[in-house]
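K.L.:
Here's a sequence, model it:
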Amino acid sequence: MQLYFIRHAQSNNNLLFLQTGESKGRNEDPELSRLGQEQARRLAAFYAALPVGRELGPEERGEHVGFTHLYSSLMVRAIETGLALSRAVGVPLVGLKDLHEAGGIYLDDFDTGERNGLPGKSPQELAERFPEVILPEDLNPQGWWNRPFEAREERLGRAQRLLDLLLERHGGTEDRVVVVSHAGFYNVFMHLVLGLNGQEDFWFALNNTGVTRLDFYADERRVAYMNRLCHLPVDLVS
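P.N.:
Numbering: from 1, shown residues only. Got it, this is the predicted structure:
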């Protein structure tokens, strides 16, 4: 299995933090910014233009991908990014609950310092807005998240569930699998894959629409590359 971990394009929350340096005023489930929409379009166009097939080795020139499976977080910014790619390469987008950002759907109470979990979009809202997405069948009808803020100690277990699911479905195959997710969860997942045991002094940068490829073999795991951004010009990197 080749696993492509892609961070969503720039969201309005990302833009807010870039402009103000703080999270006050953030949306619990933001859409893509205008820049993010262009990043997603460039990402999709780049991979749609590549020849289909196994990726060439480092001694070769060019890149042959041909994604076989696309999964996305159920957060709006990830779905919007994943759908752009799905439409361009002709592979359906499947939503997975365990791909969400660290913390889940929440907002900060700046008076109390608490982080309050919120419902998130209901299955009906997601289906009406994103009818192309294949949604999980077991979503809470009142909101797919609908629980407290996700504690730090819960995240590594979620990353393990995701890895187990991907290996069960695609391990031992030549599938080329995309997951569209988030920077915070990317770090949890990379800590798991690399055996770092959640050490907080390791942080792996992943820009908006940055691509990391991990190759899984029967007896080893390889990091082919991290945070690849060759689909974006410098002025669109965020």
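
K.L.:
For the host helix or strand of residue 188, give the mean pLDDT please.
P.N.:
Element membership for residue 188, per DSSP states H and E: helix 183-193. The pLDDT scores in helix 183-193 average 95.

K.L.:
How far off centre is it?
P.N.:
Taking Cα atoms, centre = their mean, to the nearest Å, one finds the center of helix 183-193 at 11 Å from the center of the full chain.

K.L.:
same question, stretch 18-29
P.N.:
Mean C-alpha position of stretch 18-29 versus that of the full chain (Cα atoms, centre = their mean) differs by 20 Å.

K.L.:
helices and strands around the top strand by length along the chain, which ones?
P.N.:
Ordering each strand of the chain by length in residues (DSSP state E) puts strand 221-228 first. Judged by 3 or more Cβ pairs under 8 Å, 6 or more residues apart in numbering; DSSP states H and E, strand 221-228 is in contact with strand 211-216. All C-beta spots, glycine's among them, are computed from the backbone N, C-alpha and C.

K.L.:
So which bits of the strand it packs on are buried?
P.N.:
For strand 211-216, the neighbour count (16 or more other Cβ atoms under 10 Å) marks 211, 212, 213, 214, 216 as buried.

K.L.:
Sort out which one of the residues you listed lies nearest residue 43 for me.
P.N.:
Nearest to residue 43 among the buried residues of strand 211-216: residue 211, at 8.0 Å, using Cβ to Cβ.

K.L.:
wait, the closest one sits on residue 224?
P.N.:
No - Residue 211 is beyond contact range of residue 224, at 10.0 Å (criterion: Cβ atoms under 8 Å).

K.L.:
Quick one: neighbours of residue 154, just the number.
P.N.:
Residue 154 has 14 neighbours, counted by other Cβ atoms under 10 Å.

K.L.:
helices and strands around the helix or strand that contains it, which ones?
P.N.:
Residue 154 is located in helix 152-170, with elements delineated by DSSP H and E. If you count contacts as 3+ Cβ pairs under 8 Å, 6+ apart, helix 152-170 packs onto strand 176-181, helix 183-193.

K.L.:
Which one of the ones you listed lies nearest to residue 101?
P.N.:
helix 183-193 (5.4 Å).

K.L.:
Run the angle between that closest one and strand 176-181 for me.
P.N.:
Orientation note: helix 183-193 sits at an angle of 130 degrees relative to strand 176-181 (axes from the mean of the first three to the mean of the last three Cα atoms, to 10 degrees).

K.L.:
how close does residue 13 sit to residue 107?
P.N.:
Remark: distance between residue 13 and residue 107 (Cβ to Cβ, to the nearest Å) = 11 Å.

K.L.:
shared neighbours, these two?
P.N.:
residue 26 (Cβ atoms under 8 Å, 6 or more residues apart in numbering).

K.L.:
re earlier: out of the helices and strands packed on helix 152-170, the one nearest residue 132 is which?
P.N.:
Closest among these, using Cβ to Cβ: strand 176-181, at 13.8 Å.

K.L.:
And the contacts of that closest one?
P.N.:
By Cβ under 8 Å, 6+ apart, the list of residues contacting strand 176-181 from outside reads 1-8, 55, 65-73, 78-79, 81-82, 85, 96, 99-101, 162, 166, 170, 189.
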